[in-house]
Every structure is written in structure tokens, then in C-alpha cells.
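A.B. asks: Can you look at this prediction? I've put the sequence above it.
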Amino acid sequence: MCEEIKATVQKHTQSLRHSKEELNRLNQAIQRLTVEVDGAKSQEEGASGSAKGKLAWLEAALQRAKQDMVRQLREYQELMIVKLGLDFEIATYRKLLEGEESRLGLGFGTGSVTALRSALGSAPTCGPGSAAGAAPPPPPPPPPPAAGSLETSAPGGGCALCGSPGCVGAFSCTGPRGC
């Protein structure tokens, strides 16, 4: 399940990146077209009917580019909402998994998935049983969160996704080992 979420997040992240590049390209096109329209307007007085036609064409192209940019921006915003939701869901599942590991005494305990990855120097993996060797004894379970609240940081501090202190409280993991 974690791999599916990772793949979905990566797909949405790539879509966001493409949308952002497309927005930049459209902004540049709008700037070029605006310069051309302004230049055409200034020459319009002495120009023939073909210049007026070109001006109309450029204005129509500018309008189409603006509409396309608005559409791309909406898609980008929708993808960002999906990405933030997925990041939050990943953090929630990670907290639940670590809590269950600690509760069942599997030796992985709170934050140990990240600590174990760091100790082994391996790439991020999901779920118990993905590491070789014995794990250190689990730390005492963390106090339960206040009613109605959801903590997005690991109980020992740091991000619930990667353990990095720079991500605490964010819905997007920026640490070196986030899923």
C-alpha cells in the first residue's frame, strides 16, 4: 500500500512539475505576445489593413494563452491539494504503523524505522521486516495525543515521514529520507 501511495505521490509530483513548467512557458509566451501587441498598436496608425489583422490575431492569441494559463493554474492547484492530502495520509499511516509496532513490542518502536534506515544506510522502505538484524528495545510508548488533534511529527521530534527536524508540522516532507 505504501508503494502505491509513493507511486501516486510521485506521479502527482511529476504532474505538478510539468504544470509548473507549462505555466512558466505560458507566462513567457504572454510576455512576448504582449510586447508584440504593444508594438503592433504603436505602429497601427501608419500600418495597412494587414497590420490590423495581425494585431487582431495577436490579441486573440494572447487571450487564448491567458485562458490556457488559467486552466493550468487550476490544475496545478488541484494537484497540490491532492499531494498535500497524500502527504498527510502517509504521515498518518506512518504514525499508526510505528504506534502498532511499539504496542506489539516488535522492537521497532517510535521513530525506529527512520533510525534503522540511517543505521543500515539503506534506501527508505516501508513496513516491518524490511531490515536485517536485531533491533534495539523499544522506547516507552508516547503519551496519547489530545482529543481531536493529529500530530504530524514523530514522537521523539522531527518529521513523521523522515525524522528530519526541518519538516515538523508540515504536510510535505523535505527531509533526505521521506517516502
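C.D. replies: That came through, no problem. Numbering: from 1, shown residues only.
A.B. asks: Quick check: buried residues in stretch 5-25?
C.D. replies: For stretch 5-25, burial by neighbour count (16 or more other C-beta atoms under 10 Å) applies to I5, K6, V9, H12, S15, L16, S19, E22, L23. C-beta coordinates here come from the backbone N, C-alpha and C atoms, glycine included.
A.B. asks: Need the contact partners of that stretch.
C.D. replies: 69, 72-73, 75-76, 79-80, 82-83, 86-87, 89-90, 93, 126, 179 (C-beta atoms under 8 Å, 6 or more residues apart in numbering).
A.B. asks: if you set the cut-off to 7 Å instead, what comes out?
C.D. replies: With contact meaning C-beta atoms under 7 Å, 6 or more residues apart in numbering, stretch 5-25 is reached by 69, 72-73, 75-76, 79-80, 82-83, 86, 89-90, 179.
A.B. asks: Which strands or helices does the helix ranked longest in the chain pack on?
C.D. replies: If you go by DSSP state H, the chain has its longest helix at helix 49-104. On a contact count with 3 or more C-beta pairs under 7 Å, 6 or more residues apart in numbering; DSSP states H and E, helix 49-104 meets helix 2-43.
A.B. asks: Can you flag the buried ones in the contacts of stretch 5-25?
C.D. replies: M69, Q72, E75, Y76, L79, V82, K83, L86, I90, C179.
A.B. asks: The nearest residue to L26 once chain neighbours are set aside and E89, how far apart?
C.D. replies: With sequence-adjacent residues excluded and distances taken as C-beta to C-beta, 6 or more residues apart in numbering, L26 is closest to M69, at 4.4 Å. According to C-beta to C-beta, to the nearest Å, M69 and E89 sit 30 Å apart.
A.B. asks: Where does the prediction get shaky in this structure?
C.D. replies: By pLDDT under 70, the low-scoring segments of the chain are 44-47, 107-179.
A.B. asks: returning to that earlier point: which of the buried ones among the contacts of stretch 5-25 sit farthest apart?
C.D. replies: Largest separation among the buried ones among the contacts of stretch 5-25 by C-beta to C-beta: M69 and C179, giving 32.5 Å.
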